[in-house]
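Peer 1: the amino acid sequence is not available; the structure is as follows:
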């Protein structure tokens with residue numbers, strides 16, 4: 001299974017991993033993905049081994065041809081070629097304008113990312129449940145019950161202003177919440193700046209491994225995040241969340257709409273009205289106010305914890 005992308009991409013394909021595991025229970029299931037994701041693979045209950053892989057880089061596979069190879073990465077020759085080189089008797093992939101002759105269903109650019117990969121498998125006769133997003137419980141966290149703010153994102157275009165995150169943090173702290181900040185290693189300056197502006201102690205800006213981040217999110221009272229991998233972790237653990245969307249609509253990357261513990265804030269039209277890799281904050285993100293985020297947090301943070309853990 002090729003999905004050599006980031007955390008959010010990894011998590012949106014969990015139903016596909018599980019469907020393939022169920023369809024081939026006697027096989028070894030191998031995910032070609034960045035090694036940083038290895039701690040989470042065992043939490044899916046569907047992946048036996050991670051094959052280290054970079055995005056669109058040739059796979060370091062030296063075994064015999066696998067019986068099945070699946071492109072869960074993209075829809076064109078760049079990713080198709082990587083799985084086709086494995087010479088599997090069965091290769092599952094999408095047809096698209098870039099690969100019109102591929103034997104597979106036609107790519108729909110307006111489809112939700114979770115549904116997309118389930119539909120690919122179903123075309124090949126493998127039933128898949130888009131709602132099967134939950135991960136196994138991670139380890140304990142010393143930050144249980146905290147409200148988690150994640151002000152970073154892979155691109156500036158998807159980042160709500162840091163000053164507004166600080167304003168949210170100040171307001172939540174005044175209400176008696178414990179607030180912590182999370183971010184990728186290259187976002188340490190951002191999280192520390194938000195913590196300082198919000199008058200939080202320096203240790204409120206956490207430096208975690210991916211496994212530790214999963215534990216922090218799983219035990220949080222709520223998660224407030226840009227459209228990034230941390231918001232998908234909240235979905236994976238049923239943790240109440242408020243996710244801020246800008247250049248890309250929640251219809252493509254948002255939480256399941258039938259789960260009231262997750263709120264997607266969005267003031268746009270269309271599916272991809274902005275540049276997801278932009279260098280300036282998307283105008284739709286700027287329409288989301290501090291008061292709107294606080295109101296949504298109040299709504300979701302009251303969700304009954306026992307109910308969420310049973311889902």
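Peer 2: Received the coordinates, thanks. Remember, it's a predicted structure, so these values are computed and weren't measured experimentally.
Peer 1: which residues touch the closest residue to residue 245 other than its chain neighbours?
Peer 2: Ranked by C-beta to C-beta, 6 or more residues apart in numbering and with sequence neighbours excluded, the top spatial neighbour of residue 245 is residue 266, at 4.3 Å. Any C-beta I mention is one placed from the backbone N, CA and C, and that applies to glycine too. Applying C-beta atoms under 8 Å, 6 or more residues apart in numbering, one finds that residue 266 lies in contact with 245, 249, 250, 254, 284.
Peer 1: which one of these has the most neighbours?
Peer 2: residue 245 (26 neighbours; other C-beta atoms under 10 Å).
Peer 1: which ones are touching that one?
Peer 2: By C-beta under 8 Å, 6+ apart, residue 245 lies in contact with 227, 253, 254, 264, 265, 266, 268, 284, 285.
Peer 1: just the closest of these to residue 74, please.
Peer 2: residue 253 (15.7 Å; C-beta to C-beta).
Peer 1: I'd like the distance between the closest one and residue 39.
Peer 2: 23 Å (C-beta to C-beta, to the nearest Å).
Peer 1: looking at those two, which one has more neighbours?
Peer 2: Per other C-beta under 10 Å, whichever of residue 253 and residue 39 has more neighbours is residue 253, with 23 against 16.
Peer 1: which parts of the stretch 201-311 of the chain are strands?
Peer 2: Using DSSP state E, counting those that start in this stretch, the strands found in the stretch 201-311 of the chain span residues 222-226, 241-244, 262-265.
Peer 1: same list (those) but as JSON lines, adding distance to residue 16 and mean neighbour count.
Peer 2: Shown next, in JSON lines, are the strands of the stretch 201-311 of the chain (distance: least, C-beta to C-beta, whole Å; neighbours: other C-beta atoms under 10 Å):
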{"stretch": "strand 222-226", "distance to residue 16": "23", "mean neighbour count": "27"}
{"stretch": "strand 241-244", "distance to residue 16": "22", "mean neighbour count": "29"}
{"stretch": "strand 262-265", "distance to residue 16": "21", "mean neighbour count": "22"}
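Peer 1: would you reformat these as TSV and include mean pLDDT and distance to residue 20?
Peer 2: Formatted as TSV, the strands of the stretch 201-311 of the chain follow (pLDDT from 0 to 100; distance: least, C-beta to C-beta, whole Å):
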stretch	mean pLDDT	distance to residue 20
strand 222-226	98	28
strand 241-244	98	27
strand 262-265	97	26
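Peer 1: nearest to residue 207, of the ones you listed?
Peer 2: Per C-beta to C-beta, nearest to residue 207 of the strands of the stretch 201-311 of the chain: strand 222-226, 17.2 Å.
Peer 1: what about the residue lying farthest from the centre of the chain, distance to residue 93?
Peer 2: Taking C-alpha atoms, centre = their mean, the residue of the chain most remote from its mean C-alpha position is residue 64, at 32.0 Å. Computed with C-beta to C-beta, the distance linking residue 64 and residue 93 is 20 Å.
Peer 1: how about residue 241?
Peer 2: Distance from residue 241 to residue 93, by C-beta to C-beta: 32 Å.
Peer 1: now do residue 266
Peer 2: Residue 266 is 31 Å from residue 93, by C-beta to C-beta.
Peer 1: which residues of this structure fall in helices?
Peer 2: Ranges of helices in the chain, per DSSP state H, are 7-12, 14-23, 38-44, 77-84, 113-123, 162-174, 188-197, 210-218, 229-237, 250-253, 283-286, 290-301, 305-310.
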